[in-house]
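K.L.:
I'd like to go over a predicted model; first the sequence, then the structure.
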Amino acid sequence: SQQGEEDPQALSIQEGENATMNCSYKTSINNLQWYRQNSGRGLVHLILIRSNEREKHSGRLRVTLDTSKKSSSLLITASRAADTASYFCATDASGRDDKIIFGKGTRLHILP
Amino acid sequence: GAGVSQSPRYKVAKRGQDVALRCDPISGHVSLFWYQQALGQGPEFLTYFQNEAQLDKSGLPSDRFFAERPEGSVSTLKIQRTQQEDSAVYLCASSLALRGGYEQYFGPGTRLTVT
């Protein structure tokens, strides 16, 4: 079963443009995380946002969380070729601290 | 090593064979997770350990799947009588915290192909 669902499933943009990916989830959460997976590589943690936070920044990444809409967005500014990857949101289930559930991911392709 | 390591990186098994996949977590990490990732999909939770205790195995697809972490460090995921639908990448992750809400560090995965 999957808690989070990313949108769009795939996204192609020109290098230098901003990329926005969205994640919707079903049940209340304690926190939401975003991960990146390059082709053939492992998953890398990008950012974690807790349910009492609305926005968080890390370098070129900006994550927002709207718990009333059960949604989150990941913005990558000034995209680079190296940002080409799949991006997954992962949520826990409120009251369940030990388990996170991943969505199906957004495949981002940065065009030169 | 600095990160999570998994071995083997690739495994080809004939249908019906048993396989064992190993995970070496980051030293000192209390929590260890196993995931199964099919092509084009997100990782699916299989099981979770806190030290040597297996606290959640609700994601294991069948009783052919078994995981252990006897000394609270290295973990092994065993699949008995492999089937073609077991073909996937098996990811291991470890986390410093006892609770969730902390980032998980993933290994490179073991790609299992059942022929």
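P.N.:
Okay, I see it.
K.L.:
Give the bridge partners for the residue nearest to the spatial centre of chain B, please.
P.N.:
With distances taken as CA atoms, centre = their mean, the residue of chain B nearest its centroid is residue B:34 (3.3 Å). Beta-bridge partners of residue B:34, counted by DSSP bridges, are residue B:47, residue B:92.
K.L.:
Just the strands from chain B, written as ranges.
P.N.:
Secondary structure of chain B (DSSP state E): strands located at B:5-7, B:10-13, B:19-24, B:31-37, B:44-50, B:53-56, B:65-68, B:75-79, B:88-95, B:105-106, B:110-114.
K.L.:
lowest-pLDDT helix or strand in chain A?
P.N.:
strand A:96-102 (a mean of 73; mean pLDDT, DSSP states H and E).
K.L.:
Residue 71: neighbouring residues, count only.
P.N.:
Since no chain was named, I'll use chain A. 18 (other CB atoms under 10 Å in any protein chain shown). For the C-beta atoms, the positions are set from N, CA and C on the backbone; glycine is no exception.
K.L.:
meant chain B actually
P.N.:
9.
K.L.:
Same question for the one 3 residues further on.
P.N.:
When counting by other CB under 10 Å, one arrives at 14 neighbours for residue B:74.
K.L.:
who's in contact with it?
P.N.:
B:22, B:23, B:24, B:25 (CB atoms under 8 Å, 6 or more residues apart in numbering or on different chains).
K.L.:
let's go with 7 Å and repeat that
P.N.:
By CB atoms under 7 Å, 6 or more residues apart in numbering or on different chains, the contact set of residue B:74 is B:22, B:23, B:24.
K.L.:
cool, residue B:114 as well?
P.N.:
B:13, B:15, B:82, B:83, B:84, B:86, B:87.
K.L.:
how does it look with 8 Å?
P.N.:
B:12, B:13, B:14, B:15, B:82, B:83, B:84, B:85, B:86, B:87.
K.L.:
Which two of those have the greatest separation?
P.N.:
Spatially, the most separated pair among the contacts of residue B:114 is B:12 and B:85, at 15.5 Å (CB to CB).
K.L.:
who does the closest residue to residue A:9 other than its chain neighbours bridge with?
P.N.:
If the residues on either side of it in the chain are set aside, residue A:9 comes closest to residue A:106, at 6.4 Å by CB to CB, 6 or more residues apart in numbering or on different chains. Listed by DSSP bridges, the beta-bridge partners for residue A:106 are residue A:87.
K.L.:
how many neighbours does residue A:106 have?
P.N.:
22.
K.L.:
and what of the one 3 residues further on?
P.N.:
Counted with other CB under 10 Å, the burial measure for residue A:109 works out to 14 neighbours.
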